[in-house]
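> only geometry, no sequence info:
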């Protein structure tokens with residue numbers, strides 16, 4: 001009777017899975033065919049994918065239970081086996097917390113110079129972009145978004161790449177990772193087109209992640225409040241908190257239309273509030289988990305890449321050898337022609353690139369940032385720039401030492 005029930009339930013689950021996969025495919029095609037985004041279709045697609053993820057997770061839990069039962073029948077204790085397996089296979093998750101144009105691409109490439117690092121470049125991008133496009137402002141929508149963000153980040157930190165929305169793994173930003181880019185190469189390999197080739201590609205990606213020493217996740221779209229919760233629920237999680245002179249980041253935001261001339265004071269003020277609020281939460285994290293968070297300044301890495309890389313690797317539990325030193329030295333001292341260097345290029349002379357903004361930023365705008373970021377300056381140790389001479393004098397240090 002029990003076997004019959006289980007077989008019937010398994011068949012129904014399989015039928016529902018096929019139905020969900022077909023509905024998802026059709027809905028995605030309808031969304032693509034619409035010139036204007038259809039919010040109702042997007043919501044339906046989200047619900048369908050969520051149900052499919054839950055179904056697959058239940059299937060995986062069933063497999064684990066049956067696997068443990070087999071070990072008991074063989075006279076083994078499953079608890080010790082699975083704990084040892086997790087200890088051996090699970091890499092140390094590290095979140096690189098950064099901001100737009102804060103030098104995070106540069107720092108990410110320095111860390112993934114180690115062959116034991118599995119790197120994901122802004123995996124929350126598609127998830128966050130979709131939420132912004134839908135323009136949801138209700139407290140319920142924001143709460144669901146935050147919960148989903150926390151869930152995705154938790155799965156990523158545990159190398160559970162099969163449990164995150166498929167759009168994350170299809171994002172072109174995945175190609176910034178030396179290891180993760182192999183997934184897109186695999187699924188688009190026409191010589192490898194077979195019925196379940198995508199599943200095979202995903203399995204290879206999972207194996208690559210689980211076989212690494214460190215799982216590095218670079219994010220510029222994660223709130224510190226969510227980060228604090230993740231630190232409480234993932235004991236192995238570590239954080240690298242990357243900061244950069246706010247005047248340089250604000251200047252880049254003007255260039256990309258994130259700070260507008262008509263609302264300049266308001267936009268800069270909001271940006272500075274976020275920096276200061278994040279810094280306050282980071283201080284609380286440092287008090288509670290002193291060994292699990294590392295503060296890093298982009299300018300220090302740019303001027304002293306090898307020394308700072310050694311410090312980063314020590315924090316991450318990675319060995320720093322001659323190979324890594326050679327890669328990082330070449331990456332930070334070899335100039336690349338401007339026409340060959342994209343917006344997120346990391347092969348320019350790093351010390352020169354870090355101060356480039358000081359030559360082109362108007363002094364008036366610098367004073368706006370100085371005024372709006374006053375509290376953040378006091379907390380972190382940045383100096384005001386009183387005149388044009390000091391702005392362009394690269395010998396004038398913009399941050400007090402030992403802060």
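Yep, it's here. Note that the structure is a prediction, hence the values are computed from the model and not measured.
> where in the stretch 101-250 of the chain is pLDDT low?
Low-confidence segments of the stretch 101-250 of the chain (pLDDT under 70): 135-136, 190-196.
> what about the strands in it?
Here the stretch 101-250 of the chain has its strands, by DSSP state E, counting those that start in this stretch, at 117-121, 214-219, 238-243.
> contacts for the shortest one?
Strand 117-121 is contacted by residues 91, 105, 108, 111-112, 156, 159, 173-174, 176-180, 208-209, 212-218, 316, 318 when judged by C-beta atoms under 8 Å, 6 or more residues apart in numbering. All C-beta spots, glycine's among them, are computed from the backbone N, C-alpha and C.
> that older thread, can you redo the strands of the stretch 101-250 of the chain as a markdown table with mean neighbour count and distance to residue 142?
Output for the strands of the stretch 101-250 of the chain, formatted as a markdown table (neighbours: other C-beta atoms under 10 Å; distance: least, C-beta to C-beta, whole Å):
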| stretch | mean neighbour count | distance to residue 142 |
| --- | --- | --- |
| strand 117-121 | 24 | 24 |
| strand 214-219 | 24 | 18 |
| strand 238-243 | 22 | 23 |
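> Kindly reformat the ones you listed as JSON lines and extend each row with distance to residue 395.
As requested, the strands of the stretch 101-250 of the chain are exported to JSON lines (distance: least, C-beta to C-beta, whole Å):
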{"stretch": "strand 117-121", "distance to residue 395": "34"}
{"stretch": "strand 214-219", "distance to residue 395": "32"}
{"stretch": "strand 238-243", "distance to residue 395": "22"}
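> Domains in this structure, by residue range?
1-89, 91-392 (automatic domain parsing).
> hang on, isn't residue 382 packed against residue 399?
Yes. Counting by C-beta atoms under 8 Å, residue 382 touches residue 399, with 5.2 Å between them.
> Can you check which residues contact both of those two?
Shared contacts of residue 382 and residue 399, counting by C-beta under 8 Å, 6+ apart, come down to residue 245.
> so which of the strands of the stretch 101-250 of the chain gets nearest residue 202?
Of all the strands of the stretch 101-250 of the chain, strand 117-121 sits nearest to residue 202, with 14.2 Å by C-beta to C-beta.
> Who's the closest spatial neighbour of residue 93, skipping the chain neighbours?
Nearest residue to residue 93, sequence neighbours excluded (C-beta to C-beta, 6 or more residues apart in numbering): residue 157, at 3.7 Å.
> try residue 254
With C-beta to C-beta, 6+ apart as the criterion, residue 254 has its nearest non-adjacent residue at 7.3 Å, and that residue is residue 365.
> Wait, a helix at that neighbour?
Yes. Under DSSP: H, G, I helix; E, B strand; the rest coil, residue 365 falls within a helix.
> How about the contacts made by it?
By C-beta under 8 Å, 6+ apart, residue 365 lies in contact with 247, 250, 251, 254, 264.
> if we look at whatever helix or strand the fourth one lives in, which residues are touching it?
Per DSSP states H and E, residue 254 falls inside helix 246-255. Where contact means C-beta under 8 Å, 6+ apart, the residues beyond helix 246-255 that reach it are 99-102, 259, 267-268, 271-272, 275, 354, 357, 360-361, 365-366, 369-370, 373, 376, 382, 385, 398.
> now do 6 Å
For helix 246-255, the external contacting residues (C-beta atoms under 6 Å, 6 or more residues apart in numbering) are 99, 101, 102, 259, 268, 275, 357, 361, 366, 369, 373.
> Let's have the residues you listed in JSON lines, adding distance to residue 129 and secondary structure.
As requested, these are exported to JSON lines (distance: C-beta to C-beta, whole Å; DSSP: H, G, I helix; E, B strand; the rest coil):
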{"residue": "99", "distance to residue 129": "17", "secondary structure": "coil"}
{"residue": "101", "distance to residue 129": "17", "secondary structure": "coil"}
{"residue": "102", "distance to residue 129": "19", "secondary structure": "coil"}
{"residue": "259", "distance to residue 129": "19", "secondary structure": "coil"}
{"residue": "268", "distance to residue 129": "23", "secondary structure": "helix"}
{"residue": "275", "distance to residue 129": "22", "secondary structure": "helix"}
{"residue": "357", "distance to residue 129": "26", "secondary structure": "helix"}
{"residue": "361", "distance to residue 129": "28", "secondary structure": "coil"}
{"residue": "366", "distance to residue 129": "31", "secondary structure": "helix"}
{"residue": "369", "distance to residue 129": "27", "secondary structure": "helix"}
{"residue": "373", "distance to residue 129": "27", "secondary structure": "coil"}
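> so which of those is the most crowded?
Counting neighbours by other C-beta atoms under 10 Å, residue 369 leads those with 28 neighbours.
> residues contacting it?
By C-beta under 6 Å, 6+ apart, the residues touching residue 369 are 246, 247, 250, 268.
> ok, back up a step: between residue 382 and residue 399, which one's more packed in?
Per other C-beta under 10 Å, whichever of residue 382 and residue 399 has more neighbours is residue 382, with 21 against 16.
> How about the contacts made by the more buried one?
Counting by C-beta under 6 Å, 6+ apart, residue 382 touches residue 399.
> what's it sitting at in phi/psi?
phi -80, psi 150 (degrees, to the nearest 10).
> picking that back up, just the buried subset of the contacts of strand 117-121, please.
Using 16 or more other C-beta atoms under 10 Å as the burial test, those include 91, 105, 108, 111-112, 156, 159, 173-174, 176-177, 179-180, 208-209, 212, 214-218, 316, 318 as buried.
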